[in-house]
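Q: Provided below are the primary sequence and the corresponding predicted coordinates.
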There are 2 protein chains.
Amino acid sequence: MKIITEPNELRNWSREQRKNGQSIGIVPTMGALHEGHSSLLEASVENNDATILTIFVNPAQFAPHEDFDTYPRTFEGDCKIAAVVGVDVVYAPNTKNMYPRNYASYVEVERLQDGLCGGTRPHFFKGVATVVAKLFNAADADRAYFGLKDGQQIAIIKRMVRDLDFGVEIVALPTVREQDGLAMSSRNKYLTDEERKRSLCISQALFRSIAQMKNGCVDSDAIIETVRANLYQVDRIDYVSIVDADEMTPVDTIERPVMLAIAVFVGETRLIDNIRFEPTATQTSAPDTLIAQEA
Amino acid sequence: MKIITEPNELRNWSREQRKNGQSIGIVPTMGALHEGHSSLLEASVENNDATILTIFVNPAQFAPHEDFDTYPRTFEGDCKIAAVVGVDVVYAPNTKNMYPRNYASYVEVERLQDGLCGGTRPHFFKGVATVVAKLFNAADADRAYFGLKDGQQIAIIKRMVRDLDFGVEIVALPTVREQDGLAMSSRNKYLTDEERKRSLCISQALFRSIAQMKNGCVDSDAIIETVRANLYQVDRIDYVSIVDADEMTPVDTIERPVMLAIAVFVGETRLIDNIRFEPTATQTSAPDTLIAQEA
């Protein structure tokens, strides 16, 4: 397994693979790998001739008051996991290589970046889109793997790839959860035992809301109200939103694919989770009935 | 010579070339080719195995009141020129392929995009950087050719390529001029005979300023004043600026490489021109002398 730290070195490696007709998968991460990341790496190794794992804690997506300095860095352990899964290259650039002197260029995905995490973390998705564009340019991969836990990120990267004519297929894989339902996250390490227990209500609130939607409830406000009530064990709710699954814009009536997204603080730790829901034909008839009644 | 209109088709063609070990040059244009463009195409054909000419009048870089609708479109003539020079692919996407429904993604090169043409044409370079990023992604070229006439554009694209880790070398070629000195431009077609004559003062003002700088004048304000006086035949001066050749920020004292840039209106037609100047060791000693005198 090769460790690469320079964008040009990665590009030269990728071009060599391509010349030999090898397909390339890339898994962009900030390191501190957990089973969610492993599932992405395994999928990439299975479906591509070569796999790049990128490890870069990206300063451009952290605000000054956020956890850039304390974000868990476990490079050696990450490399061991990567080697076991069968990764070919670990791309771990340093900040100076990624943001050289007089750095000026940014990618933004307008509208999609504004709500949810973008609402409470301004510039977050500007940092994400920019660094992912850089990774895509240097790696020239066929496929890139992301977890659906970062639901807004997936929507933004998919749109960026389509809009800017990147030649990479975005593969979105299901959120991997602990046995009790908590979504895996590198930030779970911040939680005390007591906070860890209280965090359980996040996934439970999501699962209950899915049951509510499956039972035919199409009213976003009603569902959001139930979710908020079920989040009574967290310390602060950042947002609970139901948005169009592609456009990331709030939805009043659930009649097309939506994402129900949650961000909360448990102690000092900010945790996010989400679930996607696509109404069936029977369920989508409900809003028409509602409209008919209102008219 | 192949005509391609879809980003994916261009990418597939480029990947095929790369697999065969062929190098690719790209010459992005808005069509209405003149000898300036030809010089770029010739350089690309000479230095690469395959050359892509792109022709796309990019709506994202025109403001509503500007000349998007009337911009000269001479596709058949352009293709004839391309065929003679030895171009392999003309990439002529339509607007729907370039900016599909719900388009949201833009590239910006902060600071460098703010002054000069960016000052009087806001969003212009956002449109330019975005479309060039799209062309680079779809073409995956080794080298891209631009004319130095669009001096700020070159600086912005070079910075974008460095910052976003594009794997393309930017080749900047000298401005091609009419025999009397007027910089070649597709917009010269707009000029009446009388306006064409008056436009001559633009290049003459530039040439005289170079003489002034070579004679040791390092004071930007003094040079700008002379240039403005020499532009007496134009109808309106948009700007006359001396900026750092890389950062595009105004320079008071000429002690490093600079660009002297002009934008004017002759009749309704907006014309730009510029010239680069690098002070020699003798000349750079001048500002020190000045500072010493002031102290």
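A: Now that the structure is in, tell me what you want to look at.

Q: helix or strand: which one has residue A:79?
A: Take DSSP states H and E as the rule and residue A:79 turns out to sit in helix A:75-85.

Q: residues making contact with the helix or strand following that helix?
A: Remark: after helix A:75-85, the chain's next helix or strand is strand A:89-91, criterion DSSP H and E. Defining contact as Cβ atoms under 8 Å, 6 or more residues apart in numbering or on different chains, one finds that strand A:89-91 is touched by A:1-5, A:10, A:13, A:50-56, A:78-79, A:82, A:135, A:138-139. To be clear about C-beta, it is placed using only N, CA and C from the backbone, and glycine gets the same treatment.

Q: selecting buried members of those residues in PyMOL, what would you type?
A: A single PyMOL command is used to select the members of the contacts of strand A:89-91 judged buried by 16 or more other Cβ atoms under 10 Å in any protein chain shown:
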select buried, chain A and resi 4+10+13+50+51+52+53+54+55+56+78+79+82+135+138+139
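
Q: just the ones of the contacts of strand A:89-91 in helices?
A: In this view, those that belong to helices under DSSP state H are A:10, A:13, A:78-79, A:82, A:135, A:138-139.

Q: among those residues, which one sits closest to chain B?
A: Chain B lies nearest to residue A:138 out of these, by Cβ to the nearest Cβ, at 4.4 Å.

Q: list the contacts for the closest one?
A: Contacts for residue A:138 (Cβ under 8 Å, 6+ apart) come out as A:7-8, A:10-11, A:14, A:91, B:165, B:167.

Q: nearest to residue B:222, out of those: which one, please.
A: Nearest to residue B:222, judged by Cβ to Cβ, of those is residue B:165 at 41.2 Å.

Q: tell me which residues touch the closest one, please.
A: A:7, A:11, A:134-135, A:137-138.

Q: next one, pLDDT for it please.
A: Residue B:165 carries a pLDDT value of 98.

Q: measure whichever residue of the stretch 151-295 of chain A sits closest to chain B to residue B:97 for me?
A: Per Cβ to the nearest Cβ, residue A:163 is where the stretch 151-295 of chain A lies closest to chain B, at 3.5 Å. Using Cβ to Cβ, to the nearest Å, residue A:163 is found at 12 Å from residue B:97.

Q: and these two? which has more neighbours close in?
A: residue A:163 (22 against 16; other Cβ atoms under 10 Å in any protein chain shown).

Q: leaving out chain neighbours, which residue sits closest to the more buried one?
A: Residue nearest to residue A:163 in three dimensions, not counting chain neighbours: residue B:105, with 3.5 Å by Cβ to Cβ, 6 or more residues apart in numbering or on different chains.

Q: burial count for that neighbour?
A: Counted with other Cβ under 10 Å, the neighbours of residue B:105 add up to 25.

Q: what residues does the stretch 51-200 of chain A put near chain B?
A: Within reach of chain B by Cβ under 8 Å from any Cβ of the partner chain, the stretch 51-200 of chain A has these residues: A:100, A:102-112, A:129-130, A:133-135, A:137-138, A:140, A:159-160, A:162-167.

Q: can I get the longest helix along chain A in CSV, CA atoms only?
A: Longest helix in chain A by number of residues (criterion: DSSP H): helix A:193-214. Written as CSV, here are the backbone C-alpha positions of helix A:193-214 (Å, rounded to 0.1, in the frame of the first residue of the first chain):
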residue,chain,number,x,y,z
ASP,A,193,-20.9,6.9,28.6
GLU,A,194,-23.9,8.9,29.8
GLU,A,195,-24.1,11.0,26.7
ARG,A,196,-23.7,7.9,24.5
LYS,A,197,-26.8,6.5,26.2
ARG,A,198,-28.8,9.7,25.6
SER,A,199,-27.7,9.8,21.9
LEU,A,200,-29.8,6.7,21.3
CYS,A,201,-32.9,8.8,21.1
ILE,A,202,-31.7,10.3,17.7
SER,A,203,-32.0,7.1,15.7
GLN,A,204,-35.1,6.1,17.6
ALA,A,205,-36.8,9.4,16.7
LEU,A,206,-36.0,8.7,13.1
PHE,A,207,-37.3,5.2,13.0
ARG,A,208,-40.5,6.2,14.7
SER,A,209,-41.0,9.0,12.1
ILE,A,210,-40.6,6.4,9.3
ALA,A,211,-43.4,4.4,10.9
GLN,A,212,-45.5,7.5,11.0
MET,A,213,-44.9,8.2,7.3
LYS,A,214,-45.5,4.6,6.3
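
Q: buried residues of the helix or strand following that helix, list them for me.
A: Note on helix A:193-214: by DSSP H and E, the next helix or strand toward the C-terminus is helix A:220-230. Buried residues in helix A:220-230, defined by neighbour count with 16+ other Cβ under 10 Å: A:220, A:223-224, A:226-227, A:230.

Q: now, which of those lie close to chain B?
A: Applying Cβ under 8 Å from any Cβ to the buried residues of helix A:220-230, none is adjacent to chain B.

Q: which residues of chain A fall in strands?
A: With DSSP state E as the criterion, chain A has strands at A:2-4, A:24-29, A:50-55, A:89-91, A:105-109, A:143-147, A:169-173, A:236-244, A:258-266, A:269-277.

Q: show me what the last one is packed up against.
A: Using 3 or more Cβ pairs under 8 Å, 6 or more residues apart in numbering or on different chains; DSSP states H and E, the elements in contact with strand A:269-277 are helix A:193-214, strand A:258-266.

Q: which residue packs closest to residue A:175, ignoring adjacent ones?
A: residue A:149 (4.2 Å).

Q: what's around the one you found, how many residues?
A: 19.

Q: check contacts around it.
A: Residues in contact with residue A:149 (Cβ under 8 Å, 6+ apart) are A:36, A:175-176, A:183-185, A:272-274.

Q: make JSON lines out of those residues and add neighbour count and pLDDT.
A: Output for the contacts of residue A:149, formatted as JSON lines (neighbours: other Cβ atoms under 10 Å in any protein chain shown; pLDDT from 0 to 100):
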{"residue": "A:36", "neighbour count": "21", "pLDDT": "97"}
{"residue": "A:175", "neighbour count": "20", "pLDDT": "97"}
{"residue": "A:176", "neighbour count": "18", "pLDDT": "98"}
{"residue": "A:183", "neighbour count": "24", "pLDDT": "98"}
{"residue": "A:184", "neighbour count": "19", "pLDDT": "97"}
{"residue": "A:185", "neighbour count": "24", "pLDDT": "96"}
{"residue": "A:272", "neighbour count": "21", "pLDDT": "98"}
{"residue": "A:273", "neighbour count": "22", "pLDDT": "98"}
{"residue": "A:274", "neighbour count": "22", "pLDDT": "98"}
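
Q: list the contacts for the residue in the stretch 1-150 of chain A positioned nearest to chain B?
A: Nearest to chain B, among the residues of the stretch 1-150 of chain A, is residue A:105, at 3.6 Å (Cβ to the nearest Cβ). By Cβ under 8 Å, 6+ apart, the contact list for residue A:105 reads A:130, B:107-110, B:129, B:159-160, B:163-164.

Q: just the buried subset of these, please.
A: A:130, B:107-109, B:129, B:159-160, B:163-164.

Q: was I right to think residue A:157 contacts residue A:170?
A: Yes - Residue A:157 is within contact range of residue A:170, at 5.9 Å (criterion: Cβ atoms under 8 Å).

Q: higher neighbour count, those two?
A: Higher neighbour count among residue A:157 and residue A:170: residue A:157, with 27 against 19, using other Cβ under 10 Å.

Q: so what pLDDT did that one get?
A: With respect to pLDDT, residue A:157 has a value of 98.

Q: do the same with residue A:106
A: On the pLDDT scale, residue A:106 is placed at 98.
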